[in-house]
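Colleague: Starting from these lines, generate the structure:
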Amino acid sequence: MPHSPHPLSRPAADELVVVVTEPGRVTAAADGLMGVTGRSAATKREVAGRVTDVAPTVLHTLGVPLSRELAGAPLTTLFDDGFARRYPVRQVDTYGRPSTNRSARSGQPLDQEMIDRLRSLGYVK
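Modeller: Numbering: from 1, shown residues only. Sure, this is the predicted structure:
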C-alpha cells in the first residue's frame, strides 16, 4: 500500500499550518526550522529569524495581539501579501503581570490500597 502524506502537509483551503522543529539532542549548535504551509503561506520563500521570533509569529498567525514586551517580532514575510493586508500586526502594551495565584490543593494522598491497584495494572513499579 503506498504511503499517503500526513494531513498536515496538505491543509484544507481555509487552513494554515505552522510547524516548528528543533534539532533536539545534538552535540553541536544547530538551527531550528519553522515551516508554514497553506493558502496564505508565501511560496518558496526562506526567511531568517531568531528563536525569539517564533512565539510572536505563531501568536500573530492565531490572531492574538502582540505584547510590546515580547523580545522578538513576527516573521510576516512567511505569509503572502493578501494575509498581510487582511491581518495587520496588532499590538498591546503588555499582557499584564504574570499570575502568581495558585489554588490550594484539595486532593488526598493515595492510600496503600490505591497504590497496590495501580501497581497491579502496571502504572506504578
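Colleague: Leaving out chain neighbours, which residue sits closest to residue 82?
Modeller: Excluding the flanking residues, the one nearest residue 82 by Cβ to Cβ, 6 or more residues apart in numbering is residue 40, at 6.7 Å. All C-beta spots, glycine's among them, are computed from the backbone N, C-alpha and C.
Colleague: so the one you found makes contact with residue 83?
Modeller: Yes. Using Cβ atoms under 8 Å, residue 40 is in contact with residue 83, at 3.9 Å.
Colleague: Now for the residue nearest to residue 82, how many residues are close by?
Modeller: 20 (other Cβ atoms under 10 Å).
Colleague: Distance-wise, check it relative to residue 67.
Modeller: Between residue 40 and residue 67 the computed distance is 23 Å (Cβ to Cβ, to the nearest Å).
Colleague: mind showing which ranges of this protein have poor pLDDT?
Modeller: 1-9 (pLDDT under 70).
Colleague: can you map out the helices along the chain?
Modeller: Applying DSSP state H to the chain gives helices spanning 54-62, 81-86, 112-120.
Colleague: For these, could you give me CSV that also reports distance to residue 19?
Modeller: Formatted as CSV, these follow (distance: least, Cβ to Cβ, whole Å):
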stretch, distance to residue 19
helix 54-62, 11
helix 81-86, 17
helix 112-120, 36
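Colleague: Quickly compare the ones you listed and say which is most buried.
Modeller: helix 54-62 (a mean of 18; mean count of other Cβ atoms under 10 Å).
Colleague: Show residues contacting that one.
Modeller: 16, 18, 20, 32, 34, 36, 49, 66, 70, 72-76, 78-79, 87, 89 (Cβ atoms under 8 Å, 6 or more residues apart in numbering).
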